[in-house]
Every structure is written in C-alpha cells, then in structure tokens.
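>>> Any chance you could fold what I've pasted below:
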Amino acid sequence: MPRWKALPDELDPQVREFAGQLRRLVDRSGLGIAALADRTGYSRTSWERYLNGRLLAPKGAIVALAEVTGTNPVHLTTMWELAERAWSRSEMRHDMTMEAIRISQARAALGEFGGPAQATQTKPAKPAKQTRPAKQTGPARQDGVRSPSVPPQAKAPSVDQFGPAPVLPPQEPPRGAVPGGGGGRRRLLMFGAGALGAALIVAIGFFALRGTGGGGDEARKSPSPSASATQLPEGVKCVGAGCGGKDPEAMNCGGDLALNSKDAVIGTVTVQVRYSKTCKAAWARIQGAAPGDAVQLQKGSAFSKKGTVRASDTDAYTPMMSVDAASDVKACATLASGQKGCTE
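Numbering: from 1, shown residues only. Okay, the predicted model is just below:
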C-alpha cells in the first residue's frame with residue numbers, strides 16, 4: 001500500500017474527490033507507481049503529479065488506468081469530466097485574480113489614484129493669455145476707462161488731416177502689382193494653387209501604383225493567422241513550434257494522442273521515439289532503465305534536453321521538439337554503464 005501525501009488544501013472539492021478515487025483504484029490493484037507507468041504508457045513522474053493533485057490527469061491516462069485496474073471506463077470518465085470542469089473553474093478564478101492584480105498595478109503606475117496625473121489634467125485650464133486685450137494702449141475715453149474691445153483710434157485723425165484718398169500725392173505702385181494692392185495676395189494664391197496641384201498629382205500616382213503594385217491584393221486576400229489556426233482537441237495546450245522544449249504530459253500531447261514510431265533495445269533498455277500527430281511534435285523515452293541512464297532526441301545536428309532516470313525510477317523522457325514527421329528524428333540513449341545506442 002503506497003503512503004500517499006496529503007492533497008493540497010487549496011484543491012477544489014470535486015478534484016480532491018477524483019484524486020482520492022484514483023488513489024483507491026491504484027491501491028486496490030496492488031500496483032506500484034513504476035508498474036502503473038509501464039502498463040499505462042504514462043511516466044512515473046506524471047502519475048505522481050496526478051495522484052498528488054498537482055496536475056489533472058488527461059482523459060487518455062484515465063482510460064488507460066481503467067483498463068489496467070479493470071474499472072468501467074464510462075463511470076471513471078464521468079467523474080473525470082466533473083473534475084475537469086472544476087479544474088477549469090479554478091484556473092479561471094486564478095487568471096481573473098492575477099488580471100485584477102495587474103490592472104491595479106497598471107492604474108497605480110499611471111497615477112489614476114492621485115499624483116502627477118491629476119496635476120497635468122488641471123494645467124491646461126489657465127485662461128490668463130485670453131485677457132491680453134486689456135493691456136492695449138489706446139486713447140482713454142472721457143470717463144478714463146479703456147475698453148479692451150475697442151481698437152486704438154490713433155489713425156482716425158490722420159485721415160482728416162490729409163483729406164480724402166484722391167487728393168493724396170500720386171504714388172506709383174510697385175512693378176507687377178495690380179490696383180488695390182492685391183499683387184502680393186495673387187502671387188500667394190497662384191503659388192498655393194501650384195503646390196496643391198503638385199500634391200494632387202503625387203497622391204494620384206501613389207494610389208495608382210499601390211493599386212497595381214504587388215502585395216496590396218495579396219495582403220488583403222491572405223488569411224489572418226487566427227483564421228488558419230489549427231483547432232486542437234480539448235485539453236491539448238500546444239502545437240508545432242509552440243511545443244518545442246515543453247513537457248509532453250503537461251501539454252496533454254501523450255497518452256492516446258502519441259504513437260511509438262521507433263523502438264530500439266540497448267542491453268535491457270528500450271528506447272523509443274514518441275510522436276504526436278495532433279501536437280506535431282516528438283520526444284524520446286527510455287524504459288526498463290536504471291538510475292543514471294539518459295535519453296536524448298536528435299533532429300539533424302540539434303539535440304533536445306536530456307531525460308535522465310532518477311533514483312527509484314525505471315523510465316524517463318525528454319522535452320518535445322517540433323517535427324513534421326517521426327522519421328525526422330531519432331532517440332539516443334547513454335547508459336550509466338557507458339553503453340550507447342540510437343533508434344534507426
């Protein structure tokens with residue numbers, strides 16, 4: 001009878017009940033964790049996480065456990081579905097809590113709860129410069145008060161002194177000017193019209209080239225990444241390059257979603273390439289091994305991180321590598337005795 005660790009206090013009651021049921025099934029079968037891992041195809045480390053409530057077992061592991069222990073898979077799957085919903089709710093609450101914390105920190109950083117941000121909001125309300133007309137120096141009225149709205153009247157007497165415009169001494173207008181003093185304005189208007197016409201010509205040429213050039217239509221026709229994203233089965237958390245370097249069990253890429261595409265026997269040790277078509281990733285696994293034996297996945301000249309058998313374990317596996325097919329990789333083992341070998 002294995003001596004189980006206490007389940008975490010923060011575990012959801014539904015998940016706690018499910019983990020207890022899994023423990024009872026393992027106890028009733030008389031299997032150790034190592035034997036359970038060998039018979040179900042899930043590693044010892046994964047089963048320790050499942051049975052101690054640190055990770056919810058994937059559906060494939062539950063079906064494999066039901067077959068090994070002679071349990072009705074329908075009833076066990078029903079309990080798993082209830083636990084899976086409770087686990088999802090717990091993760092959602094955790095995510096919402098973390099999001100609220102991040103929002104609170106962002107608001108505090110931006111000063112919405114007081115500080116420099118409020119001071120900057122009140123600065124534009126200074127109307128002092130709009131009262132400038134009060135400083136104008138014009139002739140005072142008889143009552144001694146100058147009105148800001150009345151312009152200075154100093155030029156009015158000059159009209160009376162020199163008489164009407166026709167009796168002024170004749171003055172020749174500047175060369176090129178038209179009567180009425182509009183020459184400068186006309187030149188400005190003509191210059192502005194020319195600049196506007198040039199800008200219109202440049203704009204028309206730009207849009208014409210854009211409409212006929214390469215890349216415009218193709219960019220509009222090309223689907224967005226979200227539209228072409230692969231729809232993953234429930235529980236699977238990565239695909240392709242997103243699986244690189246990640247634990248296949250934690251990403252739910254193993255179990256019934258993975259196949260042993262290559263096998264090799266080195267002494268008494270079995271080395272395998274595990275490939276998940278759903279996740280488009282592969283990893284290496286070693287079984288029947290001794291502590292210190294290691295396995296590694298090779299893709300061309302690239303190698304994955306080693307998976308080393310720990311004390312009291314008999315198996316280990318590597319993180320995943322993104323591959324198009326299992327034939328692109330091979331699994332290589334290095335035993336503690338110094339013996340080496342790879343799958344073909």
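
>>> Break the chain down into its domains, please.
With automatic domain parsing as the criterion, the domains of the chain are listed as 13-94, 240-342.

>>> Averaged pLDDT, the helix or strand hosting residue 102. What do you get?
Element membership of residue 102 [criterion: DSSP states H and E] is helix 73-110. Per-residue pLDDT values across helix 73-110 average out to 81.

>>> So which bits of it are buried?
76, 80, 83-84, 86-87, 90 (16 or more other C-beta atoms under 10 Å). Quick note: C-beta positions are derived from backbone N, CA and C, even for glycine.

>>> And stretch 292-312, by the same measure?
Of all the residues in stretch 292-312, those buried under the rule 16+ other C-beta under 10 Å are 293-298, 304, 306-309.

>>> Could you list the alpha-carbon positions for that stretch in PDB?
Extracted in PDB, the C-alpha atoms of stretch 292-312 (Å, rounded to 0.1, in the frame of the first residue of the first chain):
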ATOM      1  CA  GLY A 292      21.600   7.500 -14.300                       C
ATOM      2  CA  ASP A 293      20.600   6.200 -17.700                       C
ATOM      3  CA  ALA A 294      19.800   9.100 -20.000                       C
ATOM      4  CA  VAL A 295      17.900   9.600 -23.300                       C
ATOM      5  CA  GLN A 296      18.000  12.400 -25.900                       C
ATOM      6  CA  LEU A 297      16.100  13.300 -29.000                       C
ATOM      7  CA  GLN A 298      18.200  14.200 -32.100                       C
ATOM      8  CA  LYS A 299      16.900  16.200 -35.100                       C
ATOM      9  CA  GLY A 300      19.700  16.600 -37.600                       C
ATOM     10  CA  SER A 301      22.500  18.300 -35.700                       C
ATOM     11  CA  ALA A 302      20.100  19.600 -33.000                       C
ATOM     12  CA  PHE A 303      19.600  17.800 -29.700                       C
ATOM     13  CA  SER A 304      16.900  18.100 -27.100                       C
ATOM     14  CA  LYS A 305      17.500  18.400 -23.400                       C
ATOM     15  CA  LYS A 306      18.300  15.000 -21.800                       C
ATOM     16  CA  GLY A 307      15.900  13.000 -19.900                       C
ATOM     17  CA  THR A 308      17.700  11.200 -17.000                       C
ATOM     18  CA  VAL A 309      16.300   8.300 -14.900                       C
ATOM     19  CA  ARG A 310      16.100   9.300 -11.300                       C
ATOM     20  CA  ALA A 311      16.700   7.200  -8.200                       C
ATOM     21  CA  SER A 312      13.900   4.500  -7.800                       C
END
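
>>> Give me the contacts around that stretch.
By C-beta atoms under 8 Å, 6 or more residues apart in numbering, the surrounding residues in contact with stretch 292-312 are 34, 245, 269, 271, 273, 282-286, 289-291, 315-321, 323, 328-336, 342.

>>> for stretch 88-105, same thing?
12, 15.

>>> just checking, which of the buried residues of stretch 292-312 belong to strands?
Using DSSP state E, the members of the buried residues of stretch 292-312 that fall in strands are 294-298, 307-308.

>>> Which pair of those spans the longest distance?
298 and 308 (16.2 Å; C-beta to C-beta).
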